[in-house]
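Novice: give me coordinates for this.
(one chain, ligands or ions: 4)
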Amino acid sequence: MRVDLHLHSRFSDGLNSPTELVRMAVAKGLSAISVTDHDSLDGVNEAIGAGRESGLEVISGAELSCEFKGRDLHVLGYGVAPDDAGFEAMLKRFRETRHKRGLEIIEKLNAMGVPINAEEVIKKSGEGSLGRPHIAAVLREKGVVSTPSEAFDRYIAEGGPAYVPKYKMAPADAVRYIHAARGLAFIAHPGIFLEAIDELYTLIADGFDGIEIFHPKHNGATTRQLGAIAEEHGLLVSGGSDFHGFAGKDLPLGALDVPYELLEKIKQRLPYGE
Ligand code: AMP
Ligand code: ZN
Ligand code: FE
Ligand code: FE
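Specialist: Ligands and ions are numbered 1, 2, ... in the order given. Coordinates of the predicted model:
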């Protein structure tokens, strides 16, 4: 029995609906999934409903954008109550801040003479929260650049002429919000973010419950090392494909061999069961 506990839907930057993700997981013979959209729980109820209809277990999830030592750090929250008012209010503030920042980037582009307007980008972002990938996609569609990554290189990458930083919360705050919503907090794909293994110990002290050890960007040695550290600290482990639906760039949904046993242990530690 295998699971995939890291998936993105249209409610952030993924291409599929939560229902489609459930269908794909069923087709792959998975036993459970979590839809972990960036800074959003909006796809969770749809995923749980679709899962119920097709006999696939779905645990609620979200991937929060945090900052650690001036760098990006992602935090996964599992088992959070999808209707928790405090958590929803935090996400709403977060999205509003992000929306404003997107508009600031567009203003900077306009000031440089790049033709793009807010409505186009808002339309492109759909149900997801407005981000640089949406701006890059619109710039490509309009022929301003020939690829999205050219948009980053020329304009919106960190340090670029139209770059505006994004507000991000501290990992300890993310842990607090997740716990307040009865969920468990995991450090997402530490292999991508950490510069030294000592940083992991600093983060663990923030009150994390687990570490994502299986991830496409982790090799076998990284997964084993992270697993050993989790065990040493009595932490849970998780993993998933981080599937967004980007052809050619992503591993397929369910591509990693993540055993169901991990989810079993996560559920045992949830304060109110599943
Ligand atoms: P945002 O959340 O608006 O800051 O956008 C972050 C997203 O932009 C990342 O998750 C990547 O998908 C994408 N991104 C960041 N830097 C680059 C880059 N240099 N080239 C292409 N995509 C990028
Ligand atoms: Zn993403
Ligand atoms: Fe991530
Ligand atoms: Fe992700």
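Novice: spell out which parts of the stretch 101-250 of the chain neighbour ligand 1.
Specialist: Residues of the stretch 101-250 of the chain lying close to ligand 1 (Cβ under 6 Å from any ligand atom) are 131-133, 148-149, 152, 157, 166. Where C-beta positions appear, they are placed from N, C-alpha and C, glycine not excepted.
Novice: of all pairs in those residues, which one is the farthest apart?
Specialist: Within these, Ser149 and Lys166 form the most distant pair, 18.6 Å apart (Cβ to Cβ).
Novice: narrow the residues of the stretch 101-250 of the chain next to ligand 1 to those that are buried.
Specialist: By neighbour count, with 16 or more other Cβ atoms under 10 Å, those hold 131-133, 148, 152, 166 as buried.
Novice: of the residues you listed, which ones also sit close to ligand 4?
Specialist: For ligand 4, no contacts are drawn from those by Cβ under 5 Å from the ion.
Novice: can you put the residues you listed in CSV and add distance to Arg2 and secondary structure?
Specialist: Formatted as CSV, these follow (distance: Cβ to Cβ, whole Å; DSSP: H, G, I helix; E, B strand; the rest coil):
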residue, distance to Arg2, secondary structure
Gly131, 30, coil
Arg132, 33, helix
Pro133, 29, helix
Pro148, 32, helix
Phe152, 34, helix
Lys166, 34, coil
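Novice: any idea of the mean pLDDT in the helix or strand containing Ile266?
Specialist: Under the criterion of DSSP states H and E, Ile266 resides in helix 260-269. Averaging pLDDT along helix 260-269 gives 97.
Novice: in it, what's buried?
Specialist: For helix 260-269, using 16+ other Cβ under 10 Å, the buried residues are 262-263, 266-267.
Novice: in three-state terms, label Ala62 for me.
Specialist: strand (DSSP: H, G, I helix; E, B strand; the rest coil).
Novice: for it, grab the count of nearby residues.
Specialist: 30 (other Cβ atoms under 10 Å).
Novice: kindly report the same for Lys249.
Specialist: 7.
Novice: again, but for Glu158
Specialist: For Glu158, the neighbour count with other Cβ under 10 Å is 10.
Novice: for Leu5, same thing?
Specialist: Neighbour tally, Leu5, other Cβ under 10 Å: 25.
Novice: equivalent analysis for Ala47, please.
Specialist: 29.
Novice: identify the residue nearest it in space, chain neighbours excluded?
Specialist: Using Cβ to Cβ, 6 or more residues apart in numbering and skipping the chain neighbours, the partner closest in space to Ala47 is Pro18 (3.8 Å).
Novice: ok, now which ones touch Phe186?
Specialist: By Cβ atoms under 8 Å, 6 or more residues apart in numbering, Phe186 lies in contact with 75-78, 208-212, 236, 238.
Novice: after the helix or strand where it lies, next one along is what?
Specialist: Under the criterion of DSSP H and E, Phe186 resides in strand 184-187. The helix or strand immediately downstream of strand 184-187 is helix 190-193, counting by DSSP H and E.
Novice: which residues touch that following helix?
Specialist: Residues from elsewhere that reach helix 190-193, judged by Cβ under 8 Å, 6+ apart: 68, 71-74, 200, 203, 211-212, 215, 217-219, 222, 226.
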